[in-house]
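> dropping a prediction and its sequence here:
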Amino acid sequence: MIWLLALVIVAFVVVGFLAVRLGQAQQRLAILEAEVARLGRDLQIEDREFESLMAEIGGSRIVIELTEPMALAREHSRWIGALSGVAPRLIRRRVYDEAATQVKQVLAERSVAAEVNVFHPSGS
């Protein structure tokens, strides 16, 4: 009989622990859902800014997106690892600016008349 009582007490403790963990997980989920919603709104704003810029410019364009700018930066500088947590936006901007400079140089070497610009969305 005592072992049955002990088993019931252990079950209540386990259920209580799981209830607390579930509550924590639900709070974290709510925080993450709010962050996803905020990022979605930010992306919509940046998309509208980009679309208006492209409409303003008109004509055909080549758009280059660096899929791993931080990895590219780390390949070229040992300091990036230390700075990536402190100033990731600054590093991304610098990587894009450097990539644009290199594209300009290659095109100029091949006598291609081109204008190379970098579009940095607001907040980055």
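Thanks, I have it. Residues are numbered from 1 along each chain as shown.
> can you list the domain ranges for the protein.
In terms of domains, the chain is parsed into 1-58, 62-124 (source: automatic domain parsing).
> most packed of those?
Per residue and on average, the most neighbours among those fall to domain 62-124, with a mean of 12 (mean count of other C-beta atoms under 10 Å). All C-beta atoms are positioned from the backbone trio N, CA, C, and that covers glycine.
> just give me the longest helix of this protein.
Ranked by number of residues, the top helix in the chain under DSSP state H is helix 2-57.
> that helix - what's its average pLDDT?
Per-region confidence: helix 2-57 scores 86 on mean pLDDT.
> likewise for stretch 100-112?
Per-residue pLDDT over stretch 100-112 has a mean of 94.
> please apply the same query to stretch 65-73.
85.
> show me the contact partners of it.
For stretch 65-73, contacts defined as C-beta atoms under 8 Å, 6 or more residues apart in numbering pick out 80, 84, 88, 91-92, 94-96, 99.
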